[in-house]
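> Would you be able to build a 3D model of this:
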Amino acid sequence: MATTNAGWYGEDSEVSQTRGRLFEAVCLAATSIGLLSVFVLLLYVSNDAFKPLSADLGWHLVFLGTVGLPVISLGAYYHFRAGGLAGEVAYTTTGLPIVGLLLAGGLGVVFAELLSIKEFFTLAIGLAAVAALLLAHTKFRPTAALERLFLAPILAIVVLFGTPPTAVARLVGLSKRVVSLPELILTSPLLPLPSLQLLATLTLPVAVLAGWLVGRRRESRRDGLLAAGVILAGGLGMLTFEAATGIAATTWVIVYTTTAVPIAVYVEGVYRRQKGIAGLIFPVVLVAGAALGVVLTDALGFAGPEVWLDWAYLTSMPSTTAAEAGIYPALVGSVMLLIVVVVATFPVGVGAAIYLEEYAPATGLTGRFVTLIEINIANLAGVPSVVYGLLGLAVFVRFVHMPNGSIVVGGLTVGLLILPIVIISAQEAIEAVPDSQRQAAYGMGSTRWQTVRNVVLPEAIPGILTGTILALGRAIGETAPLLLVGIAASVRMAPNSFFDLGSAMPRQIYTWAFEPKADFRYGVLAAGVVTLLVVLLVMNATAIIMRNKFERA
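Now for the predicted structure:
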């Protein structure tokens, strides 16, 4: 009888293993087909955008020798000999400059079209003043957290925007308007140069944050202060580059703060760990090889490809001539749309997730109502985007009477689209925090809010940010909601306000797809698609890196 059972179990085990292997093979084939399809699509679009076959054969051979072969050799060395950590360092140090330059470009767009450096400087000082007042209130009334919750928005409005005379008379009996702090600063004749304003409001906070990170890593406050001082001194050194290069000092400060500082902090961490140092060679070889290739092709007279996607394309306005067409207004519109989406969805989504996971009752009538809400949130995440376009048209344009086709309407509509995704991802991140940590905090006498703020959120924020970035990646590529709320197909000027008529990259690409001229439908369209895909891939890669980093931590 025992023999029969063993034989029966062995046959069943063999059948189960066969099914498992078959299922694994099917999954692998499906994944390979999907990845291959995406890769072929990228090759097809990139071929139209860059036209590599239009370059001379010598040009290809030169760059193959200066960039292709060294990069392939280093990649093989990292994979087979140096270990995975060196490869990770190589790819991270190569991706950080790309992300930093994209961020610098986004800040440049904001300063050029939306907010001047002087206005940014005064706004930052106003926010610092509000924070200082709240810290002072915390010092003198440490237990009045609810009071600060109501005081914070009032202080922000008064300090940043002032108050009208009627409101002042009604609230405090004054007959004159309270002038905002930014207005007082703007009227001052002693404002520093724009580059110094950026140093004070952009580079200095980043230097303080980087110094805190370095000091925490090394467990030395002295090392942190030294790192912050070195970073700030480097920012001051950027001011001397304007005379040597002719490029504005503000540009150098922005690029230094968003690109050079993160790279320096990351490299410092690599040297401190003494692991994966070989990966630092990769970006050096890549940049040096590209520079050498440019010099050699110019010296030998080899013509490069006739690319559609170049600097002129990114900084030009749309045109009826394909050779002169650009994506700049749509690029600015997409940046402004993302700002609206982040401001509108992140606080609401994370706040809703915190309530549903930490405060909402699980039993009783209220518990059943909360369960119904969670089911509806899950269903809303799968609603087609065109439905959200109709919702945005009905609510924001017809009911609230916001300007049709404005950036704020498009951003709020797309924000509604990704709000369920943000809530669900934030809920999963909060739920993943071990309950033992909550119980330990309660055992030490912490309140529920103190536990959420000091225990749950620090553990969950990596997952929350990862989900939010992935949701923003979907938001930036949506077209159907923008069509329904009247986002323009093409505009000649970039929007200067969130209430201005604007366009967006997916909307502009959709317009080019129906142009009768072949150069638009292939070259200009392909360049726009590559631009949008680069932004999406960088955002997704950033989310993945953040997730992996915090999972190891």
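> quick check: domain ranges of this protein?
95-272, 322-552 (automatic domain parsing).
> Using CSV, lay out those together with mean pLDDT, distance to Val38 and mean neighbour count.
C-betas here are computed from N, CA, C, even on glycine. What follows is the domains of the chain, written out as CSV (pLDDT from 0 to 100; distance: least, Cβ to Cβ, whole Å; neighbours: other Cβ atoms under 10 Å):
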stretch, mean pLDDT, distance to Val38, mean neighbour count
domain 95-272, 84, 19, 16
domain 322-552, 86, 10, 18
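> Could you export the ones you listed as CSV, including distance to Ser37?
Below are these laid out as CSV (distance: least, Cβ to Cβ, whole Å):
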stretch, distance to Ser37
domain 95-272, 24
domain 322-552, 14
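> closest one to Leu42 among the ones you listed?
domain 322-552 (7.1 Å; Cβ to Cβ).
> For Ser316, give me its contacts.
Shown in contact with Ser316 (Cβ atoms under 8 Å, 6 or more residues apart in numbering): Glu324, Ala325, Gly326, Ile327, Tyr328.
> any idea which helix or strand carries the nearest residue to Arg474 once chain neighbours are set aside?
What sits nearest to Arg474 in space, not counting adjacent residues and going by Cβ to Cβ, 6 or more residues apart in numbering, is Ile418, at 6.1 Å. Element membership of Ile418 [criterion: DSSP states H and E] is helix 407-431.
> need the next SSE after that helix, C-terminal direction.
Helix 407-431 is succeeded, C-terminally, by helix 435-443 (DSSP H and E).
> so who does Glu306 touch?
Lys51, Ser54.
> Could you pull up phi and psi at it?
phi -90, psi 80 (degrees, to the nearest 10).
> right, and the secondary structure at Met402 would be what?
The three-state label given to Met402 by DSSP: H, G, I helix; E, B strand; the rest coil is coil.
> got a list of what it touches?
Phe396, Val408, Val409, Phe499.
> so how far is Glu515 from it?
To Glu515, Met402 is 30 Å away according to Cβ to Cβ, to the nearest Å.
> And for Thr479?
16 Å.
> cool, Gly477 as well?
Distance from Gly477 to Glu515, by Cβ to Cβ: 20 Å.
> And for Val89?
According to Cβ to Cβ, Val89 stands 44 Å off from Glu515.
> Kindly report the same for Arg222.
Applying Cβ to Cβ to Arg222 and Glu515 gives a distance of 62 Å.
> do Ala112 as well
Ala112 is 28 Å from Glu515, by Cβ to Cβ.
> And for Arg218?
According to Cβ to Cβ, Arg218 stands 57 Å off from Glu515.
> same check, this time on Ile545
Counting by Cβ to Cβ, the gap from Ile545 to Glu515 is 38 Å.
> same check, this time on Pro420
If you go by Cβ to Cβ, the gap between Pro420 and Glu515 works out to 35 Å.
> repeat for Gly389
Between Gly389 and Glu515 the computed distance is 23 Å (Cβ to Cβ).
> any residues touching stretch 503-518, and which ones?
Under the criterion Cβ under 8 Å, 6+ apart, residues 318, 322, 325, 327, 329-331, 333-334, 337, 410, 476-479, 482-483, 487-491, 520-521, 524-525, 528-529, 531-532, 535 lie in contact with stretch 503-518.
> returning to that earlier point: pick the one among the contacts of Ser316 closest to Leu134.
Using Cβ to Cβ, those come closest to Leu134 at Tyr328, 39.5 Å.
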